[in-house]
Structure formats: structure tokens, C-alpha cells
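A.B. asks: whatever this is, show me its structure:
(2 chains)
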Amino acid sequence: MTIPRSTLQAEFERTVEEYEHLLEFDDVSLSFAGVTALDEVSFSVDDNELFAMIGPNGAGKTSAFNCLNGVYKPQEGDIRWKGESILGTRPDQIAELGIARTFQNIELFPHMTVLENITLGRHIRTDTPWWNGALWLGAARAEEMANRAFAEDLIDLLEIEQWRAYPVALLPYGIQKRVELGRALAMEPELLLLDEPVAGMNLEETEDMARFILDIREELGISMILVDHDMGLVMDIADRVMVLDFGRVIATGVPTEVQRHPDVIRAYLGAELESE
Amino acid sequence: MRGRPLLYTSYEDEQALLPTWTKRIAVAVLLGFLVILIPFQLVPGFRFLGEGDWMTLLGLVAIFAIGALGLHILTGLGGQVSLGQAFFMGVGAYTAAALGGPSGKALLGLGLPMWVWLPAAGLVAAFVGVLVAPTAVRVRGIYLAIVTLGLVFVGQWLWINWVSLTGGSQSGRRFPNFEFRLWGEEGDPIVDLTADSVWFGVDVSGEVKTYLFLIVLLIVFAVVAKNIQRTRSGRAFMAIRDRDVAAEVMGVAEARNKALAFAISSFYAGVCGALWGSFIGLLIPESFSLFLSIQFLAILLIGGVGTVTGTLLGATFVTLLPRLVRDFTELLGDTAQGDGLFAGIADIFVSTGLDDFGLISTLPGTSPGFTVFQFNLILYGVLLIVFLVFEPLGLYGIWIRIKNYWRSWPFSY
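C.D. replies: This next block holds a predicted model:
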């Protein structure tokens, strides 16, 4: 029996291109006056991979995201997207390449409704000029309706139908996290950066979010980089895990390998007890 | 779909400007009042609203509303607090004067028709806005307010010293009339909006014609502002207002969109300035002062930042306030001098004679108390503070509260 394809799946259809890795960090170093946030960090992410980054607070996970987004500019090293360097590219141009992101401390637009927030994600996938919208001409109208249909599909996927008309500032935390995921998905990304998607969530909300992440990956084939402190979640769903500590990579590998790595245990639990 | 007003069967229906019949009827009734009932003096008890000076005042409301809509796009949607509105109004007004004003010896004036000078006023102001934008988009919040404050002073200096354009300090110049001509032909214009005439068998005074023209312009500008707000660019402006870094990461080009908001806002301000100049007829360079800019911010704050409806409410309120205070003071003065039941109460507020103490003086210069003008300024400041502290959403917020109260009535929520 064939599984019926969702409309979203059809929207996310893309052409096959030739490149070695989807994303490569090559010896990236970033420091702020005396503090080294990233120290020669190298890793790569492939198509349809769920790559996880873990590490204690201040290890540089979010800094790595900010470098990738173009918000920070690393002093050394190179970041390559499909084999081409994206260093020095503006954040909005990087977004247009197909890199979307959710934030650790929700960065939704608080005075806009759920629908408006998700529709904003369509910004890079639409291009009707402003005067067209100002005069509500056919092209702008058609675009608005297409945006709405797309947003509604995402609302359906994320099960937030009842909240669609509310300004996001009024919504519960767990729902806001989902809306943020929806906004990122509306960009039709090829790579999705999830910065602590389940932080501060209860067990049920965490399970929901894990299900959404797996759904997104299976249905839409989006590669993801996941940052989280919930080890259960990370070890369950990630293909590969990279552990950062004080800006350095201390281990990269499949979850079972990483879990047993002595440096990882030391970083998380402090120095190992001498067994003698 | 009778009986199920919230059932929509297409996205187009739900996203329409006026999605429900209640709203459509309300707007139709409002427009009926504004366009037919008030100007043609058909409202019993309020016939005076269609007379000359009230038509002038309501026309001024429309002009200021257009300018305020421009600031709404820049500040309400874009989050860029600008004090430059007076400067861009000046640019628009003097562009109109130079292009449309009568050609004379001392003053610049090409005598072109209105269909040239009115759009040109907006376009030149927008162009100047684009020139300023590279500086303006680099700063935000209070810093932008200071940069645009500088613009107002540059403008003041320029207008006062460029005598061949502006007529110079304290003397000013005349602005082109509201009249439709094809080109600079001699004789009567095709439509003269300032002279009395008969339209379709009805006497229409010049004031009413000008008023109707301004209301039509206002409707067009308001719908355009609303359309910008609900489409791609408007969302981008709001996203930058709410969280600029997140907006960039979502793919919104910050500098370009801020500059766009600046240009659109300046266009509105330019048109507003040109209309104002022609409406008043003669303006001195000092008119385009900082106080004018602050008046526009006050309109936004009192009406409710971020909504077109609030902006229109604010423009109406702020423009009519001085007149209402004046009329009310006169009423109080008359009451205080009579022996009615309220004479004593009215006497507390107004002073009518040399030894009579009171808040407002009805005989400025002879009796103690503030003049009506001073009292207006004070009231202005007090209102701004009260709205900022107690109702940041302004008049629009009050309206929403009333609406929600009746929606859930008789329950408290």
C-alpha cells in the first residue's frame, strides 16, 4: 500500500544537486574579547540527516548557529553550504539559501498573530512588489491566498488550529514553540536549526515535539541540526551527535559511541572518580 | 450562511478588508454620514457641521489623517520613531508651491495643474526620504528620533532662508488652489473645488467640495495603508518592529525594508503637506516646526499605535480637540454669567472677570487663568501622559474593550 502524499510534501519537492556535504564547518573559530566561543570547530551535515549538538551551557552551540546564520562572523575558518562559502553573507541572504531556524528563547513576533508569524516565513518564497500589495492587485491577492493555504497546511501539521488568530504573546509556551517551528517550516528550508526545541517543556509536550520533528523529517525530508539538553530526546532521534565543551569539539559520532566517550562523561559529570 | 456569521468557506472571504456584514454596514453608514449626511446638512441637530467653519475643520482632520497614516506605516508598523514628519510635509508643501503656485517675479512658481503638483509633492518627499534613509536605517529607537529631529531643524533653516521658494520668515507664500485643469489654460478650471456651484441640482459650497475631495483622498490613502499592512511588506515592517534580528534570520532584508517604510511614509507626509498648504492657502515657514511633528506622534499615541482605525480616531480627536475646548469654554463662560443651576459649577472652571479666579480665562489679558490656547497645550500633554500610562493602545484599545464587554455581556468575561 502506498502512503498518500501530503500537499506539504509536494510543496517541498526539490531538485537533486551535486555536492559533497550539505553543510560544512571547517575549523571555525569565534572569539569575543578574550572569550573563545568556538575553537576550531569542524563538522558536516548531509542530506536528510538529523545532526545533534550537545554540550554544557556556554559550550558554543548557539554561537555556532549564529555563525551559520550570519549574525556573527567567525574570525577564522570557513562555513560552506553545498560546497560554497557563505562567510560574510547577510543573514537574510543566508535564509534565502534555505536555512531556517528556531530560537532558544522564543523569538516570535509577539504583536503578530500565529497566522501572520507563519506567513512571514513565506517572505523569502514570495516576491510580489510592495505596490502590488498596496493596491491589492491580482498578483498580491493570489500570493496572499497561496500563503494562507500553505500556512494552513503547517497549522494542520502542528495541530495549532485553535490558536491561529491569536497574537502569539498570549499563547502558552509550548504552543509558541510549535508556532516558531511552523514559521521556520514556512520558509521551505533545506536545513532546519532547532535551538533547544523542548527546553522548559513537560514530558507530554516533549513527546509531541519529538513526534513533530520526526514527522517533518520523514514527510518533508529536511536536514536538521538539533541542540538540546534533553539527552533522552537527543540520543533517541539523532543520527549523529557532536559534543562541544568550551568551544571545542570533544566527540562526534553515533549516539551510542558518544555516550560512552570518556571526555563526554567528564564534561557532563565532572572528573571521573579514580577507581583505585 | 445566515445565522453563522463566523463560517467562512474561502480564505479570500475571511481575509477580506471587511469580513462581516456588521462591519460592512457600519462602514457604509459611517461613509454615508461623512459624504452625504454631514456636508449636506441632513442630520437634525447637527446641521451646523455642514457649515463653512466645521467643513474646514473636518477637512483638516482628513489632511492630518493622511499625514498620520504615513507615520503609522513608519512608526506603527515599522517601529521607527520619527520626528521628521514636519520636514517631509515641508518638502511636499514647497514642491507643490513651486510646481503649482502662480508664476511671479519674486517667488518660484510654474503654475502647473493639480494632477502634476499633488503626486509630485509625494514623490519628491519620498525621494528625499530615500536620500535620508541610509542614515536613518542604521539607528533605531531614540537615536532615530534624534536624527529625524535634526531634519526638522535643517528644514526650518532651509525654509526660512530660501526666500524665493517659501516667501521667507513670517511672510510666507500662497499655495496653489484646489482646482482641476488639463494644463495651464486660461479661464475657469474644469472643476474648481473652492468656489460655490450647483452639482446635479444641489447647491454645493466651496468648503463642501474641498471637504469631499479630501475625504475621497483619505479613503484611498487609508485603504492603501491597510493593504500594505496585510501583505508581504507590511508583515516585514512589523517583524522588524517586533524583533529585528529574528526578522533578518527569517529572510527579511532589514535595511531595504526600513528604507521602504521611510519612503512610503515620506510620500504620505509630502501629500499631506501639499494638501495642508493649499487648504490653508498661505503658510509661513515656521509652520513646519517640531510641534507639528509631535502633533503627529500624539495622534498615533492617542489613537492607538499600529492600527489604521486607531490612527484615524487619533487624527479626528487631536484635530478637533482645540475647537471642542474653545466651544466648551465659551459655553462655560455663558453658563457662569447666567443664574442657572450650573452657574456655580461652571464658575469654578472659568474666570469671567478681573477678580474671578478660574482655570480658563474667557477674557484673555484681563482675567486670571490660562488662555484657551495655553489650556489646550496643557490638555495635550496631560492626555499624552494619561494614554501612555493607562491605555497604551489608545482610543482603539478603549473601543476594543467596549466591544469585548458587549460581546460577552451579561458575563464579565
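
A.B. asks: can you pull the contacts of A:N66?
C.D. replies: A:Y72 (CB atoms under 8 Å, 6 or more residues apart in numbering or on different chains). The C-beta positions use only the backbone N, C-alpha and C, and glycine is treated the same way.

A.B. asks: residue numbers of the stretch 151-300 of chain B in contact with chain A?
C.D. replies: B:224, B:227-228, B:230-236, B:238-239, B:241-243, B:245-254, B:260, B:264 (CB under 8 Å from any CB of the partner chain).

A.B. asks: other SSEs contacting the longest helix along chain B?
C.D. replies: With secondary structure taken from DSSP state H, chain B has its longest helix at helix B:308-337. Here helix B:308-337 touches helix B:52-71, helix B:206-230, helix B:290-303, helix B:343-349, strand B:350-351, helix B:372-390, helix B:394-408, going by 3 or more CB pairs under 8 Å, 6 or more residues apart in numbering or on different chains; DSSP states H and E.

A.B. asks: any idea which of these is most buried?
C.D. replies: Most buried of the helices and strands packed on helix B:308-337, by mean neighbour count (mean count of other CB atoms under 10 Å in any protein chain shown): strand B:350-351, with a mean of 25.

A.B. asks: any stretches of the stretch 1-150 of chain B with poor pLDDT?
C.D. replies: By pLDDT under 70, the weakly predicted segments of the stretch 1-150 of chain B are B:1-3, B:5, B:104-105.

A.B. asks: I meant the stretch 151-276 of chain A, not that one.
C.D. replies: In the stretch 151-276 of chain A the weaker segments, taking pLDDT under 70 as the threshold, are A:271-276.

A.B. asks: tell me where it has helices.
C.D. replies: Per DSSP state H, counting those that start in this stretch, the stretch 151-276 of chain A carries helices over the ranges A:173-185, A:203-220, A:231-237, A:255-260, A:262-269.

A.B. asks: of those helices, which stretch is the most buried?
C.D. replies: helix A:173-185 (a mean of 23).

A.B. asks: could you check the pLDDT of the residue of the stretch 301-413 of chain B found nearest chain A?
C.D. replies: Closest residue of the stretch 301-413 of chain B to chain A, CB to the nearest CB: B:G306 (6.9 Å). At B:G306, the pLDDT value in this model is 87.

A.B. asks: how close does the spatially closest residue to it that is not a sequence neighbour get to B:A125?
C.D. replies: Leaving out its chain neighbours, the residue that sits closest to B:G306 by CB to CB, 6 or more residues apart in numbering or on different chains is B:G76, at 4.4 Å. Counting by CB to CB, to the nearest Å, the gap between B:G76 and B:A125 amounts to 19 Å.

A.B. asks: higher neighbour count, these two?
C.D. replies: B:A125 (31 against 26; other CB atoms under 10 Å in any protein chain shown).

A.B. asks: run a quick neighbour tally on the closest residue to the more buried one other than its chain neighbours.
C.D. replies: The spatially closest residue to B:A125, leaving aside those adjacent along the chain, is B:G270, at 2.5 Å (CB to CB, 6+ apart). A count of nearby residues for B:G270, using other CB under 10 Å, gives 33.

A.B. asks: my guess is B:G270 contacts B:V124. True?
C.D. replies: Yes: in this structure, B:G270 is within contact of B:V124 by CB atoms under 8 Å, at 6.4 Å.
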